[in-house]
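give the three-dimensional model of this entry:
(chains A, B, C and D, ligands or ions: 2)
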2 protein chains.
Amino acid sequence: MKLSKTSEHAIRVLVFMAQTPEEQYSVNTLHETLNIPFKYLGRLMPSLAAAGFVVATHGKNGGYKLLLNYEFVTIASIIDVIDAMDSYSQCILGFENCGDGKSCPLHGYWGPHRDAIKKLWETVTLKDLAKRGFKI
Amino acid sequence: MKLSKTSEHAIRVLVFMAQTPEEQYSVNTLHETLNIPFKYLGRLMPSLAAAGFVVATHGKNGGYKLLLNYEFVTIASIIDVIDAMDSYSQCILGFENCGDGKSCPLHGYWGPHRDAIKKLWETVTLKDLAKRGFKI
DNA sequence: CATAAATACTACCTCCTTGTAGTATTTATA
DNA sequence: TATAAATACTACAAGGAGGTAGTATTTATG
Ligand code: SF4
Ligand code: SF4
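Ligands and ions are numbered 1, 2, ... in the order given. Below you'll find the model as predicted:
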């Protein structure tokens, strides 16, 4: 149910880049703009590249650029790369002996929220988040 | 937004005890019944006692017993002792420069869920959870 | 009073996440 | 072709949460 710090960083980077989708950014620029540790980013970005969210240009004047499909990249697809999205299907109480079948009184209340949040993650795209001149 | 393992343990213990509110349980019994590490419980229970959820009887034949107000103990009040409930007021994306005022498009969707879950925690009591013969 | 059975306290160990450091590789360009 | 500026890789350090261990204290009971 919780976003890891790494997922937060990833989302922040991608939302920032989605505000100027044509622009190419070096790790150093992202680091200075978003206040995310340089070396941490240096490890995160390659994995975002591997996941197909951005593409890297090597060598001098290189950097990262969003892929053109960014309009359709959902929060869920980002979380999936970092955190494993299936944590959003689990019991919020951490009980293991029950599920949608045999449920405690909370389940009826919790289930709909869980499902709605999951659907939200699967619906909202980078474009939605970038739409406003939203200060990161 | 996430319950720590310790909160989960606390809730599991208290829900279990709320099913037989008159009963006194030793740490060892709780440990064997709920499969929570003995020594871990031995540290958790005193804090539940300090928080006023249970009362301890020392010495031989001692143990823990629910306080009589258990019917009105909410999930929120338990989380509060362990995790600090205020994590339910924060941004799920971890951004710091925004809030209910200046918001990203997610906020309109996320806010209501956050509030509903918070209210749920503040509404559901141990008695509600214990109501069914719910296998812990 | 001695013993056993319980809670209380305190220190430590382990694992995972986050963050840091150093070095290798790639490529534009003077 | 040398240099500079960028990404890529790998190892390690710090911190917190979860879990373990040992010992002290309390109290019923024979
Ligand atoms: S029934 Fe209750 S404990 Fe079980 S998965 Fe649902 S919310 Fe969690
Ligand atoms: S506006 Fe968006 S980023 Fe800001 S607190 Fe709300 S959900 Fe989080």
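
mind listing what's buried along the helix or strand of chain A with the lowest mean pLDDT?
The least trusted helix or strand in chain A, going by mean pLDDT, DSSP states H and E, turns out to be helix A:105-123, with a mean of 84. When burial is assessed from 16 or more other C-beta atoms under 10 Å in any protein chain shown, helix A:105-123 yields the following buried residues: A:105, A:106, A:107, A:109, A:110, A:113, A:114, A:117, A:118, A:120, A:121, A:122. (C-beta placed from N, C-alpha, C; glycine too.)

ok, so of those, who is nearest residue B:127?
residue A:105 (9.5 Å; C-beta to C-beta).

distance of that closest one relative to ligand 2?
29 Å (C-beta to the nearest ligand atom, to the nearest Å).

same check, this time on residue A:120
Distance from residue A:120 to ligand 2, by C-beta to the nearest ligand atom: 10 Å.

quick one: that residue and residue B:111 touch, right?
No - using C-beta atoms under 8 Å, residue A:120 makes no contact with residue B:111, being 11.2 Å away.

which stretches in chain A count as strands?
A:24-25, A:54-57, A:63-66 (DSSP state E).

turn those strands into TSV, columns for distance to residue A:130.
Listed next are the strands of chain A as TSV, based on distance: least, C-beta to C-beta, whole Å:
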stretch	distance to residue A:130
strand A:24-25	14
strand A:54-57	14
strand A:63-66	10
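
export the ones you listed to CSV and tack on distance to ligand 1, mean neighbour count and mean pLDDT?
Output for the strands of chain A, formatted as CSV (distance: least, C-beta to the nearest ligand atom, whole Å; neighbours: other C-beta atoms under 10 Å in any protein chain shown; pLDDT from 0 to 100):
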stretch, distance to ligand 1, mean neighbour count, mean pLDDT
strand A:24-25, 42, 18, 97
strand A:54-57, 37, 16, 96
strand A:63-66, 38, 20, 96
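
thanks a lot, catch you later.
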